[in-house]
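Q: Predicted model and sequence below, questions to follow.
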Amino acid sequence: MIDDIRALSVANPVVLIDGRSGAGKSSLAARLAERWPLAGRVQIVALDSLYPGWDGLDDGVRRAEEWILRPHGRGLIGTWRRWDWTTGEEAESHAVDPALGVIIEGSGVLTPATARLADVRVWVEAPEPVRRRRALERDGETYRPHWERWAAQEARHVERDDPRSTATRIVEIP
């Protein structure tokens, strides 16, 4: 991915990292940010901060497109509001600087619409047992009752949007 970013010849690339829950998207985004090959810092937005609840995969992606990707592509400051999972309401706002690169990671983020607004598109693949174990180790009992419900939304996304086919890079996690 580092070479993919260097090859772009732009100062503010957009990187989308998609994959099902527990695949390793957040870890990959963090490693990429640590090794960011361009001058200046990179901004990371996790869709976990935008999804409006356990049934909000599609709405979270629409928010990312509307609040971050479209403004960034026009050279405008994007502003997104964090979803407070405890209160079930939107919380504080965060700005995204269009002069800097941005990594957006989260299940569902790679759609035909968002792909047109991104420079590097990554699909992270991992076997279901590995993903489930990683996700439940990460989020514990908070996530366990919602696993199937969230997985159904991810399955709809994969079937409808075929994110693997629009990816410029596929990362397979054993």
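A: That came in fine, so what should we check first?
Q: By mean pLDDT, point me to the weakest helix or strand of the chain.
A: helix 128-139 (a mean of 91; mean pLDDT, DSSP states H and E).
Q: what's the residue most central in space within the chain sitting at in phi/psi?
A: The chain has Glu105 as the residue nearest its centroid, 1.9 Å off, counting by CA atoms, centre = their mean. Torsion angles at Glu105 (phi, psi; degrees, to the nearest 10) stand at phi -120, psi 140.
Q: Check Leu69 too.
A: Phi and psi for Leu69, reported as degrees, to the nearest 10, are phi -70, psi -50.
Q: again, but for Leu110
A: phi -100, psi 100.
Q: Tell me if I'm right that it and Thr166 touch.
A: Yes - counting by CB atoms under 8 Å, Leu110 does reach Thr166; the two are 5.9 Å apart. For glycine as for every other residue, the C-beta is placed from the backbone atoms N, C-alpha and C.
Q: Quick one: residues contacting Ala167.
A: Asp18, Leu110, Arg121, Val122, Trp123 (CB atoms under 8 Å, 6 or more residues apart in numbering).
Q: And Gly56, by the same measure?
A: Residues in contact with Gly56 (CB under 8 Å, 6+ apart) are Trp83.
Q: at 10 Å what do you get?
A: Leu47, Leu50, Arg62, Arg63, Trp83, Gly108, Trp150, Gln153 (CB atoms under 10 Å, 6 or more residues apart in numbering).
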